[in-house]
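Trainee: Output the structure for:
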Amino acid sequence: MKTKTIEEYVENIHQIEEREGQVSTNTLATAMGVKPPSATEVLRKLQTEGYVHYIPHAGAVLTTKGKRLAEELKRKHRAIADFLILIGIPSQIAESDACRIEHHVNKETTIRLELLTCSIRNDPEICSWFENFSRT
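Mentor: Have a look, this model is predicted:
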């Protein structure tokens, strides 16, 4: 299964799980924009790869491995979105773009974006420069 597909499913499962607990196939299918049999097939594959515990007709929950991936994706998303907002991209666009980019960016890139964003925000002179930059 493609990494991007795994990541998108794990992200959605994580979000649903935080709201509702166990994730039903129908709820997941709706979130992913697919039919329930497609979601069931992916849940079985995710279980085989160790990302979820799946019980037919009951639903799924993330494993420790799945939760780690979800948290990593959240961190990547936040680093990318924060950087894009910092350079003047409107937040709605930054959030949308971060969703697309996070599946293709290396962990090292994420770390460097976090460090850069944090450094900029903690230095008033540089922060002021970026605020002026983002208004242009």
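
Trainee: can we go C-alpha only for contacts and neighbour counts from here?
Mentor: Will do.

Trainee: how about low-confidence regions in the protein?
Mentor: 130, 134, 136 (pLDDT under 70).

Trainee: per the record, what domains does this protein have?
Mentor: 3-62, 72-134 (automatic domain parsing).

Trainee: Using CSV, lay out those domains together with mean neighbour count.
Mentor: Output for the domains of the chain, formatted as CSV (neighbours: other CA atoms under 10 Å):
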stretch, mean neighbour count
domain 3-62, 17
domain 72-134, 16
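
Trainee: so where do the helices sit in the protein?
Mentor: Assigned by DSSP state H, the chain shows helices spanning 3-20, 25-32, 36-48, 64-86, 91-101, 107-122, 124-134.

Trainee: looking at those, which is closest to residue 57?
Mentor: With CA to CA as the criterion, residue 57 lies closest to helix 25-32 of those, at 7.8 Å.

Trainee: which helices and strands does that closest one pack with?
Mentor: Helix 25-32 sits against helix 3-20, helix 36-48, with contacts defined as 3 or more CA pairs under 8 Å, 6 or more residues apart in numbering; DSSP states H and E.

Trainee: how much does it deviate in direction from helix 3-20?
Mentor: 120 degrees (axes from the mean of the first three to the mean of the last three CA atoms, to 10 degrees).

Trainee: Once you drop chain neighbours, what's closest to residue 110?
Mentor: residue 76 (5.6 Å; CA to CA, 6 or more residues apart in numbering).

Trainee: From residue 107, how far off is the one you found?
Mentor: Note on residue 76: its distance to residue 107, by CA to CA, to the nearest Å, is 8 Å.

Trainee: Return the residues in contact with the closest residue in space to residue 111 that isn't next to it in sequence.
Mentor: Excluding the flanking residues, the one nearest residue 111 by CA to CA, 6+ apart is residue 79, at 7.9 Å. If you count contacts by CA atoms under 8 Å, 6 or more residues apart in numbering, residue 79 has them with 110-111, 113-114, 117.
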